[in-house]
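Novice: Sequence and predicted structure below; questions after.
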Amino acid sequence: MKILVDENMPYVEPLFGDLGDIIPVNGRTLTAEQVREADVLLVRSVTKVNAELLSGNNKLKFVGSATIGTDHVDLTYLAERNIPFSNAPGCNATAVGEFAFIAMLELAQRFNSPLKGKVVGIVGAGNTGTATAKCLQAYGIKVLLNDPIKAAEGDPRSFVSLDTIMAQADIISLHVPITRTGEHKTKHLFDEARLKALKPNTWLVNCCRGDVIDNQALIKVKQQRDDLKLVLDVWEGEPTPLPELVPLAEFATPHIAGYSLEGKARGTFMLYQNLCQLLNITADKSLLDLLPTFNIKAVELATAPNEKALLQLARFVYDLRDDDKMFRNTFLNENGFDTMRKNHQHRREFSALALAYDGQSEVDWLSNLGFSGVGQ
Ligand SMILES: NC(=O)C1=CN([C@@H]2O[C@H](COP(=O)(O)OP(=O)(O)OC[C@H]3O[C@@H](n4cnc5c(N)ncnc54)[C@H](O)[C@@H]3O)[C@@H](O)[C@H]2O)C=CC1
Ligand SMILES: O=C(O)C(=O)[C@H](O)COP(=O)(O)O
C-alpha cells in the first residue's frame, strides 16, 4: 500500500510504518502526478484536495487531513467519488487555547495592563474557542461567547451577539472556520467598518483563518489607531502575508497556534485510528508512547503564582516571544513562512509541566488551566 504523506506530519513512521510504504511529499507543491498511484493520502492544511489533484488516481482508499479546518478539501468531490475522508476535529484545540491565553498574558506584561479584570469575547465557541475560554475561566477571567449557530442548535451555554462583544470586551479572540457564503459567513467578518468600531484599547487575537479579518483594512485602521493591539497567527494570502501588516502586530507567527507536539501527535494519531477502522485492523499503537518526556521534571511553587509568575510558568512550556522574533526575521526570506512551520518542534502543552505545591486548594485553578501534578 502506498501512503503519501505531507512531510510536515510528525509520528507517521511509528504509526503507519506497518501499514505500507510511506512516501513523504511537500504538501504545498503536491501534484496530480505524484498522487496518481497513492492508496492513502495524508495531508495538512496547505494541500488543496480537489478534482484537479485526484482525478488521475482511481485507487485511492482514504484521504485524511491532520487538521481541524477542512476548508482546503473539496468534501463534495470526495463524497461523489466515494473516497472515505476524515479530518482530526479538536486535535490541536488545547494548543490553540493555550496559544491565545499565553498571547494575552504576554500583552498584559508588555503593556503593564493586567489580564485579570479584563473581559474577553470569544467569537466561535467550538473546540478552539472553548479551549481558550477554559484557560481564561480557570484564571478567573470573564468570558463572553458569540456563536449564533451553536445558540440556534440549543447549546446550553450563554451566548451574546457580536455587537455585545464589540461593546463590552477588552479582548476579542477569533475561533471561527472560514466560510464564504450563507447567513453566518466569516470571510471578512472583521471588515473595515467593524475594525473601525472596535472600542478603544481593544486587543484583537486571530488564530483561526487569515481572511476572517480584511487584512488591507486592518493595515489602514491600525495605522490610524495605535491603541489597538494585534496578535496574528494567520494571514490573508499565506504563505505570503502582506509585509506591511507584520510589523503592526504585537505578536506575529506563521500559522502555528495549533503546533504543540501533543496537538500534532493527536492529529496524526486520529488519522491512524480512522484508517485502521476502515481497513478493519486493530489500532494497537499508543499516543502516549509518541511524545518525548518534557525537559523540566517539575516546578516547585513556594506560593500561588501572581500574573507575572504565571507567565513565567507558561513560558517554560511555550515562549511565544521566540517564535515572534524568528518570524519577523525570516518571513520575507524565500519560503520563510513554510520553513519556520516545517522546523517547528519545540512547543509543549501545559499538561507537560508538573507543578508541586503544598496547599492544593489555593492553586486548583492551575490544574484547571491544564498543568499536571498540582499539590503533589
Ligand atoms: N491557527 C491554527 O493553527 C489553527 C486554526 N484553526 C482554525 O480554527 C477554526 C475553528 O476551529 P474549531 O474551534 O476547532 O472549530 P469548530 O468547528 O469546533 O468551531 C467553530 C465554531 O465557530 C462557529 N461559527 C461559525 N460561523 C460563525 C460566525 N459567523 N460567528 C460566530 N461563530 C461562528 C461554529 O458554530 C462553531 O461552533 C478551524 O476551522 C480552523 O480554520 C484550527 C486549528 C489550528
Ligand atoms: O488544524 C487546523 O485547521 C490548522 O489550521 C492547522 O493547525 C494548521 O497546520 P497545518 O495543517 O497547515 O500544518
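Specialist: Looks like it came in fine. Residues are numbered from 1 along each chain as shown. Ligands and ions are numbered 1, 2, ... in the order given.

Novice: does the spatially closest residue to Gln273 that is not a sequence neighbour sit in a helix, a strand or a coil?
Specialist: Nearest non-adjacent residue to Gln273, counting by C-beta to C-beta, 6 or more residues apart in numbering: Ala283, 4.9 Å away. Using the backbone N, CA and C atoms, a C-beta is placed for each residue, glycine as well. Look at Ala283: counting by DSSP: H, G, I helix; E, B strand; the rest coil, its state is coil.

Novice: ok, the closest residue to Ala197 other than its chain neighbours - how many residues close by?
Specialist: Leaving aside its sequence neighbours, Ala197 sits nearest to Met166 (C-beta to C-beta, 6+ apart; 6.0 Å). Other residues near Met166 come to 18 when the count uses other C-beta atoms under 10 Å.

Novice: How much space separates the residue nearest to Ile83 when sequence neighbours are not counted from ligand 2?
Specialist: Counting by C-beta to C-beta, 6+ apart, Ile83 lies nearest to Leu60, which is 5.3 Å off, once chain neighbours are set aside. Counting by C-beta to the nearest ligand atom, to the nearest Å, the gap from Leu60 to ligand 2 is 20 Å.

Novice: which other residues reach the host helix or strand of Leu310?
Specialist: Per DSSP states H and E: Leu310 is located in helix 307-317. Defining contact as C-beta atoms under 8 Å, 6 or more residues apart in numbering, one finds that helix 307-317 is touched by 98, 101-102, 105-106, 108-109, 114-116, 139, 294, 296, 299, 305, 321, 347-350, 352-353, 355, 366, 371.

Novice: Now intersect those with the strands, please.
Specialist: Val299, Leu355 (DSSP state E).

Novice: Report the buried members of the contacts of helix 307-317.
Specialist: Burial by neighbour count, judged by 16 or more other C-beta atoms under 10 Å, picks out 98, 101-102, 105-106, 108, 115, 139, 294, 299, 305, 347-350, 352-353, 355, 366, 371 from the contacts of helix 307-317.

Novice: show me what contacts the residue of the stretch 201-350 of the chain found nearest ligand 2?
Specialist: The nearest approach of the stretch 201-350 of the chain to ligand 2 comes at Gly258, 3.2 Å away (C-beta to the nearest ligand atom). Contact analysis of Gly258 by C-beta under 8 Å, 6+ apart lists Thr67, Ile68, Cys91, Asn92, Ala93, Ala95, Val96, Phe99, Thr128, Cys207, Lys264.

Novice: any idea how far it is from Leu115?
Specialist: 22 Å (C-beta to C-beta, to the nearest Å).

Novice: ok, and what's touching the helix or strand that contains Arg328?
Specialist: Assessed by DSSP H and E, Arg328 sits inside helix 320-330. The contact list for helix 320-330 (C-beta under 8 Å, 6+ apart) reads 99, 102-103, 106, 246-247, 251-254, 256, 315, 336, 339-340, 344.

Novice: Looking at the contacts of helix 307-317, which are in helices?
Specialist: Here DSSP state H is the test, and those give Glu98, Phe101, Ile102, Leu105, Glu106, Ala108, Gln109, Arg321, Leu366 as lying in helices.

Novice: hang on, the earlier thing: could you measure from the residue nearest to Gln273 over to Asn306?
Specialist: 44 Å.

Novice: Just want to know which of these two has more residues nearby.
Specialist: The residue with more neighbours, out of Ala283 and Asn306, is Ala283; 14 against 11, by other C-beta under 10 Å.

Novice: is it true that that one touches Met270?
Specialist: No. The criterion here is C-beta atoms under 8 Å, and Ala283 misses it with Met270 at 10.3 Å.
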